[in-house]
Every structure is written in C-alpha cells, then in structure tokens.
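Participant: pasting the structure only:
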C-alpha cells in the first residue's frame, strides 16, 4: 500500500532516484537511431493506422471530433501507461542482482522508470497540441483533470510489479 511507504527514506535516496531516472532517459534515446523522433513517430503512425482503419474504412463515430484527434488523444495516455508498466517491471528484472546485494528502497527502480516515460508523454502531447491547433479545436474545461489522471496512471504503473 502507498500509505505504508516510508517517504522519509525515499527522500534520503533522492539522488539515486534522480540518477536512475536520467539514466533511463539517456539509455532510451541513445540506443535508438531515431532518438527523440521515435517518441513522435510511434504515436503518429499508430494514429494514422487507427484513422485509416477505424475512421475511414469502418466509419466509427468520434463525437464530431476529427478521428485523427480522437484516436491520438486516446493513444497517448494508453501508450504511456502500457510502456510504463513494461518498463517498471523490467527495471526490477534487469537489476535483480543489484536489488539482492545492495540495500536501497526497491520502489525507486519502477518509479524512476515511470518518471522517465514522462518525457515520451510530453513529446507526444506536443504532437496532440499541434493537431488540436491544426483542426482549430479548443480544449474544454475537463482538461484540468489530466494531471490527476497522469498521476494515477503513474502510481498504477509503478505498483504493477
């Protein structure tokens, strides 16, 4: 449970948390030939496939919103959550030797992996904002809950181990 976490201990290990987060970000973009472009291309191509298959061919309804915006708005948080769950689980598996030999708060590894995925979320969100401007769609008042929903997704992904 999150209520049983000793947050003072995690505060003492904040440098380790920062190191693991920055390391995850650097590894993610250093090992990719496309670098940050991958964070744009992945949701863009997924959006194009969804728009063509479900929007043009299957004629699925999107409540009056262009299907490209509709699909991208759903794909971005889903991709963030799915990738975060995968990365948080892999962080414990890949560092099993270190976890068993050195003491530090174990939750640092999955949380740092999830926080590192926020970079991809931010880059993808810029793509969504550009698409909103392109189609001249103004954000509604409900958008104020987005940070809360992202926070819930982060907590769920970090605990999914």
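Facilitator: In hand now; what should we look at? Here the structure is a predicted model, which means the values were calculated and not measured.
Participant: low-scoring pLDDT stretches of this protein, where are they?
Facilitator: Judged against pLDDT under 70, the low-scoring parts of the chain cover residues 1-3, 31-33, 160-161.
Participant: show me where this structure has helices.
Facilitator: Counting by DSSP state H, the chain has helices at residues 7-12, 14-30, 37-50, 67-94, 96-101, 108-134, 146-159.
Participant: for residue 135, see how far away the residue positioned nearest the centre of the chain is.
Facilitator: By CA atoms, centre = their mean, the chain has its centre lying nearest to residue 80, at 2.7 Å. Distance, residue 80 to residue 135, using CB to CB, to the nearest Å: 22 Å. C-beta here means a position set from N, CA and C on the backbone, and glycine is covered the same way.
Participant: same thing with residue 53?
Facilitator: Here residue 53 is placed at a distance of 20 Å from residue 135 (CB to CB).
Participant: for residue 59, same thing?
Facilitator: Distance from residue 59 to residue 135, by CB to CB: 19 Å.
Participant: who has more neighbours, those two?
Facilitator: More crowded of residue 59 and residue 135, by other CB atoms under 10 Å: residue 135, with 11 against 8.
Participant: what is the neighbour count of the closest residue to the more buried one other than its chain neighbours?
Facilitator: Computed as CB to CB, 6 or more residues apart in numbering, the closest residue to residue 135 that is not its neighbour in sequence is residue 66, at 5.2 Å. Look at residue 66: counted by other CB under 10 Å, it has 16 neighbours.
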